[in-house]
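next comes the sequence, and after it the predicted model I'd like to discuss.
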Amino acid sequence: MTGLLIIVSGFASGVALRSLFIFSSEPIAFVVLLAALCAAFAFLKPRRVYTLGAVFFLFVSFGMVRTMVGDTPAPDAFLRDLNHRVSYEAVVVGDPDVREKNQRIALEVRSGETTVGMLAVMPLSARVTVGDRVRVYGSLSLPEAFETDGGRTFRYDKYLQARGIRFLISFGSIHALEQAPWYSLSAMFARIKHTFIDGLGRALPRPDSALASGIVIGGKQGLGTSLTDAFTRSGLVQIIVLSGYNIMVVAEWVVAFFALFALPRRLQLFAGGAALLLFVGIAGISATAVRAAIMAVIALYARATGRSYAASRALLAAVFLMLVWNPYYLCFDPGFGLSVAATAGIIWLSPRIEARLLRLRPFWRNTVATTLAAQISVLPLLLYNIGLFSLVALPANLLVNPLVPLAMASAAVAGVVGMTVGYFAPLLATLAGYPAYMLTRYFIFIAEKSSSLPYAAFTLERFPFLFVLAAYAVLIYFASSKRFSTTPQLRLAKNASM
């Protein structure tokens, strides 16, 4: 475990240094020299310290090199068209992100041997789907960093680059030339997703159908600005963002379903893994979903082979693989960082917190510990990225989180019934959606009432990154120090409650 932690932390440190500071090969050579010096002194005591130091600095250099290789300039074939009206043939590679005033469509454009990602900001009237070959018109520009309302700088250019997008096209139009081919998996996933969302629309009224869709497959489309702000200020926005929790719940449901037919255990887990990958494809392949999917696949494999599964090792392995694939996730994808921080908090902090809640019943002890660990773990990053500090987040999450699996199940039933019989039996779809409606009404009530309380949330104008490092240093010390370990007490409490 220590070796894996050193490898991942070293690689991530190299990625972070090269992402935040542009430099050539000299610093990389210096870090390699430090690794060589540590290796040369490995015969001295304590040998383990020098050996781990050599491994750490070696992977720091690997992280720097990987980020440098990925930091390629925008293609020259398109740079000459900057700030001009352009017309391209393209392929839609992402589900359109529909906002209140426009929609944003991820495109893949080819010019000769060069292929580049673009984001088209188009009117709501445009009708295109994933996999369509389209003609797009508009003004070509480079994305730029901008100042947020809280005075922070958001590196929008790097945020889009992490998603393979280098240019923007706006103030124009887009129309389909050819529909997606029948064999396109991405188009099939998008069709299933929108059919399910339409089914929820027939079973539930708005905005409950939009909230139910967000709970099952993620997304805030259709909630509206005021309701989205309510969920954000109340600290409940994570229930409408696809997370590892949603993904693992789906895998467990599929495994339990196939267990009813007395199938071999490995076949059950294979079906669970296949359903997991299908679910991620339908919901949308984001950094958070991929990290969670990797962890869930490792967990299912461990069960199928009988090998022990350590969530901490799975998290480290997932982070390492994703940063090797795309180093921009670390510094320029806030969702990735928040997801990793929340998962790490649940893994390492939750047991320590749970051990101090001995007077609570086991269910509430686990719920409170998990919620508190996740909230504490993401707080430094939230304060640094957006500065939002919600005083009602903990009680609001305690009131909502235990019901999220039930809401997922009821919304899934409502969507399936709505998409299958909703056309010719709308009353049946409405009846099937009633349990989901009651739960979404409850979630909206908690979000709106908690966010409207005086001093429910406030924004800090500045939260230096040095404070973030200090906060996580304290959390790491708390999670790793034996002084705060109370496992024997927790074991006694659990025995007493049996």
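Sure, I can see it. No experiment lies behind these values; they were computed from the predicted model shown.

packing partners of the longest helix belonging to the chain?
When the chain is scanned for its longest helix (criterion: DSSP state H), the result is helix 426-451. On a contact count with 3 or more CB pairs under 8 Å, 6 or more residues apart in numbering; DSSP states H and E, helix 426-451 meets helix 185-203, helix 208-217, helix 225-233, helix 393-400, helix 404-421. Placement of C-beta: from N, CA and C, glycine included.

mean confidence score for it?
Summarised as a single mean, pLDDT over helix 426-451 is 92.

what about it, distance to the chain center?
Distance of helix 426-451 from the chain centroid (CA atoms, centre = their mean, to the nearest Å) equals 25 Å.

could I get the helices and strands packed on helix 426-451 in a markdown table, plus columns for mean pLDDT, mean neighbour count and distance to residue 350?
Shown next, in a markdown table, are the helices and strands packed on helix 426-451 (pLDDT from 0 to 100; neighbours: other CB atoms under 10 Å; distance: least, CB to CB, whole Å):
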| stretch | mean pLDDT | mean neighbour count | distance to residue 350 |
| --- | --- | --- | --- |
| helix 185-203 | 87 | 20 | 32 |
| helix 208-217 | 88 | 26 | 22 |
| helix 225-233 | 86 | 19 | 23 |
| helix 393-400 | 88 | 20 | 13 |
| helix 404-421 | 89 | 21 | 17 |
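
which stretch among these comes nearest residue 154?
Among those, the nearest to residue 154 by CB to CB is helix 225-233 (15.8 Å).

now the strands for this structure?
Secondary structure of the chain (DSSP state E): strands at 85-92, 97-98, 103-111, 114-122, 133-141, 146-147, 153-154, 165-178, 388-390, 457-459.

tell me what the first one is packed against?
Right, the one you point to is strand 85-92. Under the contact definition 3+ CB pairs under 8 Å, 6+ apart, strand 85-92 sits against strand 103-111, strand 114-122, strand 133-141, strand 165-178.

repeat the analysis, applying 7 Å as the threshold.
With contacts defined as 3 or more CB pairs under 7 Å, 6 or more residues apart in numbering; DSSP states H and E, the packing partners of strand 85-92 are strand 103-111, strand 133-141.

now find how far off-centre it is within its chain.
29 Å.

please apply the same query to the last one.
On the basis of CA atoms, centre = their mean, strand 457-459 sits 23 Å off its chain's mean C-alpha point.

tell me the buried residues in it?
Residues of strand 457-459 classed as buried: 457, 459 (neighbour count, 16 or more other CB atoms under 10 Å).

how close does residue 125 get to residue 174?
According to CB to CB, to the nearest Å, residue 125 stands 10 Å off from residue 174.

so the two - more neighbours on which side?
residue 174 (26 against 8; other CB atoms under 10 Å).

residues in contact with the nearest residue to the more buried one once chain neighbours are set aside?
Excluding its sequence neighbours, the residue lying closest to residue 174 (CB to CB, 6 or more residues apart in numbering) is residue 136, at 4.5 Å. With contacts defined as CB atoms under 7 Å, 6 or more residues apart in numbering, residue 136 is in contact with 88, 90, 107, 120, 169, 172, 174.

mind doing that once more with 8 Å?
By CB atoms under 8 Å, 6 or more residues apart in numbering, the contact set of residue 136 is 87, 88, 90, 107, 118, 120, 122, 169, 172, 173, 174.

equivalent analysis for residue 129, please.
So residue 129 contacts 92, 95, 96, 176, 179, 180, 187, 190, 191, 194 (CB under 8 Å, 6+ apart).

6 Å - rerun?
residue 190 (CB atoms under 6 Å, 6 or more residues apart in numbering).

got the phi/psi numbers for it?
Main-chain torsions, residue 129, degrees, to the nearest 10: phi -130, psi 170.

quick check, residue 186 in contact with residue 130.
Yes: assessed by CB atoms under 6 Å, residue 186 is found in contact with residue 130 at 5.0 Å.
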